[in-house]
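Visitor: Structural data only, the sequence is not supplied:
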C-alpha cells in the first residue's frame, strides 16, 4: 500500500527514485528503468545526487546552481512550476531548438517563463555557449496588456536589462532597440514597419538567443499565420511555446511546430491540487433560442428570409432581435449576485455594446460604470476599464462585455461568472474562455459558467478539465 503511494508521488513529481519502508526493510524503485529491489540502507544525499545527475552536462549543472528567484520572498515555486522550469532547462542544455509547455490557465506560465529567463541570464547562457555574454531574450505576446503584464512580472531583473519595444519609440528614434537583455513586444508591432518592411527584419536573424511565445496556439505556429514568418526569421534562436490548451484537432499545427510538450499540467490536476478553482455549469435554454419569421413580426431594418430557421450563429450577426437579448440579460442579472465580477462573451463588438446598454438599463446598482464594454474598439479606455476590473480592491466595473479580446491572458482572480452569449467555435476557444474564472481568490469556492449556447455540451473534456462540481439545465 505504501509502495503504491510512493510510486504515485514520484510519478507526479517526476522523481527518478522512490522508496518504501516498514521500519525493517527498505524497498527502492527506479521510476526510469522500472527496476525494483530491496536495499540495506537509504542512500546518502550525495550518493543519490550522483545516481541521478552523474551524466549531467555542463549547462544542466550551471542551471541547477542558480536558485529560484522568490521576488523578495513574495512568491514561492509550486512543485509543477519547478518541474516545468527544470524540464525546459534540460531541453535547452540538450540543444533542443523548439520546446513546448502546456499548462492550464491560471497556473503561472509567465512566472515559469520568468524563472527560466532568470536562470539563463544568471548563468550567461547564449547560443555560443561561451558563458561570456548574457542572453538576449524576446518575449512575444499577441496583446499589449499581456506584454505589459509580462514586463512587470520580470521586475527582479536589472532595470537596464528590460526593454519594452513599441512602434512609437521606434519611429521617434529611427531604429529598433538593441541594448538590453529581455525584450517584450507584440507580434503586431514586429510585423508593422516602414516602406513595406517589418520591424523584426531590422534585427539580425541570430540577434535573439531565446524566444518565449506566449499563448502560442493563437496562430504563431500556424503555417498560414503571419506570425510564423517572425518565428522562421529568428530560427537560430531556441523557441519556447507556452500554451494553455492540450493537443486537440484544432491546434495540431502548434504541436507539429514545437513538438510534444516537455511538461503538461491540466486544469483537472490544478483543481485537484488546490491551485485552481472548480466550476459549475448552468445550461440555460429560453423560448427564443431560434426564430422563424412570421407576418406578425415587425422588421425595423433590412430584410429577413421567410421560412428560414435562424439559430445561434445567426443572432447578432445576420439578425438582431433586441427583445431576445433583453430577455437573456434579465436572466443573467437574476442568476448572479449584484457585486459578483462577471464577463459576458458576445457575438461581436456591436453585440457587446448592446448587451452593455441592456445591463445598465436593467441593473439595480446606481453606478453608471457598473457594466462597461472592453473590446478592440475601446482602445485605451477599454484597457483602463480592464485594469480597474482586475483590481481586487475595486468593485466597479462589475460586469465586462466583450467579444474576443478577453478570451486570453486576463489575470483577474475574483471573476465569479463567465456568461456565454455567443457561439463558441473551437475546443481551444472554449478552454481559453473558461480559463478566465479558474484563478484562486479568498472566499471563492467555485465560479459559474452561464451557458446560453450549449458550448459545454459540445466541448466537454473531462480528461483535461475534470467534471464540473454541479451541472444544471434551466428553461427560462
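Guide: The structure has been received and is ready for your questions. Predicted model only: the values in this text are computed from it and were never measured.
Visitor: which stretches of the stretch 51-200 of the chain form strands?
Guide: 98-103, 137-141, 162-164, 182-186 (DSSP state E, counting those that start in this stretch).
Visitor: do the stretch 201-350 of the chain as well
Guide: 210-213, 238-243, 263-265, 279-285, 291-292, 309-310, 341-345.
Visitor: Which of these comes out lowest on mean pLDDT?
Guide: Ranked by mean pLDDT, the strands of the stretch 201-350 of the chain bottom out at strand 291-292, which scores a mean of 60.
Visitor: contacting residues for the residue nearest to residue 96 when sequence neighbours are not counted?
Guide: Nearest residue to residue 96 in three dimensions, chain neighbours excluded: residue 238, at 7.4 Å (C-beta to C-beta, 6 or more residues apart in numbering). To be clear about C-beta, it is placed using only N, CA and C from the backbone, and glycine gets the same treatment. Contacts for residue 238 (C-beta atoms under 8 Å, 6 or more residues apart in numbering) come out as 92, 96, 97, 98, 99, 127, 209, 210, 211.
Visitor: With respect to residue 251, which of those residues is nearest?
Guide: Residue 251 lies nearest to residue 98 out of the contacts of residue 238, by C-beta to C-beta, at 15.1 Å.
Visitor: so who does the closest residue in space to that closest one that isn't next to it in sequence touch?
Guide: Nearest residue to residue 98, sequence neighbours excluded (C-beta to C-beta, 6+ apart): residue 258, at 4.7 Å. Counting by C-beta under 8 Å, 6+ apart, residue 258 makes contact with 98, 99, 100, 216, 221, 239, 241.
Visitor: Domain parsing of this protein, as residue ranges.
Guide: What the record gives for the chain is the domain set 2-53, 59-265, 282-475, from automatic domain parsing.
Visitor: Distance to residue 274 added to these, as a markdown table?
Guide: Output for the domains of the chain, formatted as a markdown table (distance: least, C-beta to C-beta, whole Å):
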| stretch | distance to residue 274 |
| --- | --- |
| domain 2-53 | 14 |
| domain 59-265 | 10 |
| domain 282-475 | 8 |
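Visitor: So which of those is nearest residue 271?
Guide: domain 282-475 (5.5 Å).
Visitor: could you flag which of the contacts of residue 238 are buried?
Guide: The neighbour-count test (16 or more other C-beta atoms under 10 Å) marks 92, 99, 127, 209, 210, 211 as buried among the contacts of residue 238.
Visitor: Which one of these is nearest to residue 74?
Guide: Among these, and counting by C-beta to C-beta, the member closest to residue 74 is residue 210, at 25.2 Å.
Visitor: Surely residue 129 and residue 57 touch.
Guide: No. Taking C-beta atoms under 8 Å as the definition, residue 129 is not a contact partner of residue 57, at 10.2 Å.
Visitor: In CSV, list the strands of the stretch 201-350 of the chain along with distance to residue 468.
Guide: Formatted as CSV, the strands of the stretch 201-350 of the chain follow (distance: least, C-beta to C-beta, whole Å):
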stretch, distance to residue 468
strand 210-213, 31
strand 238-243, 23
strand 263-265, 20
strand 279-285, 5
strand 291-292, 30
strand 309-310, 30
strand 341-345, 18
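Visitor: Of the ones you listed, give the one that comes closest to residue 163.
Guide: Among the strands of the stretch 201-350 of the chain, strand 210-213 comes nearest to residue 163, with 14.1 Å by C-beta to C-beta.
Visitor: What strands line up against that closest one, and which way round?
Guide: strand 137-141 (parallel), strand 238-243 (parallel) (DSSP bridges).
Visitor: Out of those, indicate the one that is most buried.
Guide: Greatest average neighbour count among the strands paired with strand 210-213 goes to strand 137-141 (a mean of 27), per mean count of other C-beta atoms under 10 Å.
Visitor: Ramachandran coordinates for the closest residue in space to residue 203 that isn't next to it in sequence?
Guide: Spatial nearest neighbour of residue 203, chain neighbours left out: residue 176 (6.2 Å); criterion: C-beta to C-beta, 6+ apart. Backbone torsions of residue 176, given as degrees, to the nearest 10, read phi -80, psi 150.
Visitor: Report how many residues lie close to residue 176.
Guide: 20 (other C-beta atoms under 10 Å).
Visitor: ok now do it, which residues does it touch?
Guide: Contacts of residue 176 by C-beta under 8 Å, 6+ apart are 165, 170, 199, 202, 203.
Visitor: Quick one: low-confidence residue ranges for the stretch 201-350 of the chain.
Guide: Along the stretch 201-350 of the chain, the parts satisfying pLDDT under 70 run over 217-226, 250, 287-321.
Visitor: again, only using 80
Guide: Applying pLDDT under 80 to the stretch 201-350 of the chain flags residues 216-228, 248-251, 253, 286-324.
Visitor: the helices in it, which residues?
Guide: With helices called from DSSP state H, counting those that start in this stretch, the stretch 201-350 of the chain shows them at 227-233, 252-258, 267-273, 322-335, 349-362.
Visitor: Tell me which of the ones you listed lies nearest to residue 372.
Guide: helix 349-362 (6.5 Å).
Visitor: quick one: the closest one to helix 322-335, angle?
Guide: 60 degrees (axes from the mean of the first three to the mean of the last three C-alpha atoms, to 10 degrees).
Visitor: chain center to helix 349-362, what's the gap?
Guide: Distance of helix 349-362 from its chain centroid, counting by C-alpha atoms, centre = their mean, to the nearest Å, is 27 Å.
Visitor: For it, name the packing helices and strands.
Guide: Contact analysis of helix 349-362 by 3 or more C-beta pairs under 8 Å, 6 or more residues apart in numbering; DSSP states H and E lists helix 322-335, strand 341-345, strand 371-373, strand 399-402 as its packing neighbours.
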